[in-house]
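Enquirer: Got a predicted model here, sequence first, then my questions.
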Amino acid sequence: MNILLFGKNGQVGWELQRGLAVLGHVTALSHDSTGHCGDFADSAGIRRTVRTLKPAIIVNAAAYTAVDKAESEPDLARQLNALTPGVLAEEAAQLGAWLIHYSTDYVFDGSGNHLWLETDQPVPLSVYGQTKLEGEQLIQASGCQHLILRTCWICAARGGNFVKTILRLAQERERLTIIDDQWGAPTGADLLADVTAHAIRHVQQYPQDGGLYHCAASGETSWHAYANYVLTQARQIQPALSFKAADVIPVPTSAFLTRAQRPHNSRLDTSRLQSTFNLILPPWQQGVVRMLHEIL
């Protein structure tokens, strides 16, 4: 089975190269790949790539993820997050291929403290959220066989992320201020990759189970509690680490001025995914500890 993966150098794309390898031959592309176009700013080039390689599975881990910058680059964000994924969907429909695509909790307005269901009405607060929602809609309207996995708070040992930032700042500063009124579940890129491989195998046998699913580690935390957990675990894993930060101060979102509005509630209900694919999603702490062992 031929699998075409876009976004190979991102946190999720990197793990997908490992996770998808058990299913077949993987052609993995990035925006600067040579030989075949992997640049989502060039939708015509992406279309040519799909038509040349004729994959059975297309996995899209490419995206415009600079949430604040998207506010000043809405056209580019839309191209990468919506229009080019729409092209992938059109080509997948023509080929009879499956399209696997990743979306985000940012499609919701973050109100309340409930778990968001797949059937809840999306109301994105930012350009990033709007373009990711449009990408979902274009894929669904194409008629292609697809899996869309909405996730939140992605973390990985590779690339920059919240955990690495906290570890660095705790060694540089005596006092950290961390947001305590945004809630979600840190979700490992490796977990997403493993769920993806499992789900692909499943829908090949049960194609009626395609569609939209929420995928995140179990449990919930705030950024403030997350930071405290990271520092506590880091001290246990690497006692020689020297942290200056004596205080981790909780602050509201309003303490930080950002161009894009963030959802306060990023809790995703994953029961549909777990029941359909017979999965148990591990607690977020498990993935974070594993990641810290890799980082430290």
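Expert: Looks like it came in fine. Residues are numbered from 1 along each chain as shown.

Enquirer: ok, which stretches of the stretch 101-250 of the chain are helices?
Expert: Per DSSP state H, counting those that start in this stretch, the stretch 101-250 of the chain carries helices over the ranges 127-142, 162-172, 189-205, 223-237.

Enquirer: possible to save those as TSV with mean pLDDT, distance to Pro252 and mean neighbour count?
Expert: From N, CA and C alone the C-beta is placed, and that goes for glycine too. Converted to TSV, the helices of the stretch 101-250 of the chain look like this (pLDDT from 0 to 100; distance: least, Cβ to Cβ, whole Å; neighbours: other Cβ atoms under 10 Å):
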stretch	mean pLDDT	distance to Pro252	mean neighbour count
helix 127-142	98	20	22
helix 162-172	92	18	17
helix 189-205	97	29	20
helix 223-237	95	10	18
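
Enquirer: so where do the strands sit in the stretch 51-200 of the chain?
Expert: 57-60, 98-104, 145-151, 154-155, 175-179, 183-184, 187-188 (DSSP state E, counting those that start in this stretch).

Enquirer: can you list those in a markdown table and add distance to Cys215?
Expert: Rendered in a markdown table, the data for the strands of the stretch 51-200 of the chain read as follows (distance: least, Cβ to Cβ, whole Å):
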| stretch | distance to Cys215 |
| --- | --- |
| strand 57-60 | 14 |
| strand 98-104 | 9 |
| strand 145-151 | 4 |
| strand 154-155 | 11 |
| strand 175-179 | 23 |
| strand 183-184 | 13 |
| strand 187-188 | 7 |
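
Enquirer: Of all the ones you listed, which one comes closest to Phe256?
Expert: Taking Cβ to Cβ, strand 175-179 is the member of the strands of the stretch 51-200 of the chain nearest to Phe256, at 6.9 Å.

Enquirer: Check what contacts that closest one and list those residues.
Expert: 166, 169-170, 222-224, 227, 245-253, 255-256 (Cβ atoms under 8 Å, 6 or more residues apart in numbering).

Enquirer: any idea how far that strand is from the chain center?
Expert: With Cα atoms, centre = their mean, to the nearest Å as the basis, strand 175-179 stands 24 Å off its chain's centre.

Enquirer: The helices of the stretch 101-250 of the chain: which one's closest to Gly211?
Expert: Across the helices of the stretch 101-250 of the chain, Gly211 has its closest neighbour in helix 127-142 (8.4 Å, Cβ to Cβ).

Enquirer: looking at the strands of the stretch 51-200 of the chain, which is closest to His293?
Expert: Nearest to His293, of all those, is strand 187-188, at 12.2 Å by Cβ to Cβ.

Enquirer: gap between that closest one and the chain center?
Expert: From the chain centre to the centre of strand 187-188 is a distance of 8 Å (Cα atoms, centre = their mean).

Enquirer: farthest residue from the center of this protein?
Expert: The C-alpha centroid of the chain is most remote from Ala240, which lies 32.5 Å away (Cα atoms, centre = their mean).

Enquirer: Let me know the pLDDT of that one.
Expert: Ala240 carries a pLDDT value of 85.

Enquirer: how far away is it from Gln233?
Expert: 15 Å (Cβ to Cβ, to the nearest Å).

Enquirer: same check, this time on Leu241
Expert: Going from Leu241 to Gln233 by Cβ to Cβ gives 11 Å.

Enquirer: Then His293?
Expert: 9 Å.

Enquirer: for Ala141, same thing?
Expert: From Ala141 over to Gln233 (counting by Cβ to Cβ), the distance is 44 Å.

Enquirer: cool, and Pro207?
Expert: Counting by Cβ to Cβ, the gap from Pro207 to Gln233 is 41 Å.
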